[in-house]
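[1] Below is the structure, and that's it, no one-letter string:
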């Protein structure tokens, strides 16, 4: 008895589409953290769909969806970590500048030394 070949590529095509969307979301740096989380979710969905397609029929759509989901997940994680580190560095610099301004204000007597209007 010959093995039945499925011509249904719907899960594979969906995994490729979600993988591409995941990569696009990872490259959006306007709204950093929210797009990386959405991109990671899309990468997981693409991975699940590629596994479903592989069980149905192991074809190029399943492999392409798998590869794109891995690339999307890695890009989203790397960019999320980079953005988090940049934000923390900016906050540390801001805090240091605020402490410097506060020390200067205390040394000069604060706002009480301003000339009257």
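    Received, thanks. Fair warning: this is a prediction, and the values are worked out from it, not measured in the lab.

[2] List the buried residues of stretch 61-79.
    61-66, 68-73, 75-76, 79 (16 or more other Cβ atoms under 10 Å). Heads up, the C-betas are built off the backbone N, CA and C, glycines and all.

[3] contacting residues for residue 61?
    Shown in contact with residue 61 (Cβ atoms under 8 Å, 6 or more residues apart in numbering): 9, 11-13, 15-16, 50, 53.

[4] re earlier: restricted to helices, list the buried residues of stretch 61-79.
    Using DSSP state H, the members of those that fall in helices are 61-66, 68-73, 75-76, 79.

[5] which among the contacts of residue 61 end up buried?
    9, 11-12, 15-16, 50, 53.

[6] nearest spatial neighbour of the most centrally placed residue in the chain, skipping sequence neighbours?
    Nearest residue to the geometric centre of the chain (Cα atoms, centre = their mean): residue 36, 1.9 Å. Nearest residue to residue 36 in three dimensions, chain neighbours excluded: residue 80, at 4.1 Å (Cβ to Cβ, 6 or more residues apart in numbering).

[7] What are the neighbouring residues in contact with that neighbour?
    Contacts of residue 80 by Cβ under 8 Å, 6+ apart are 32-33, 36-37, 40.
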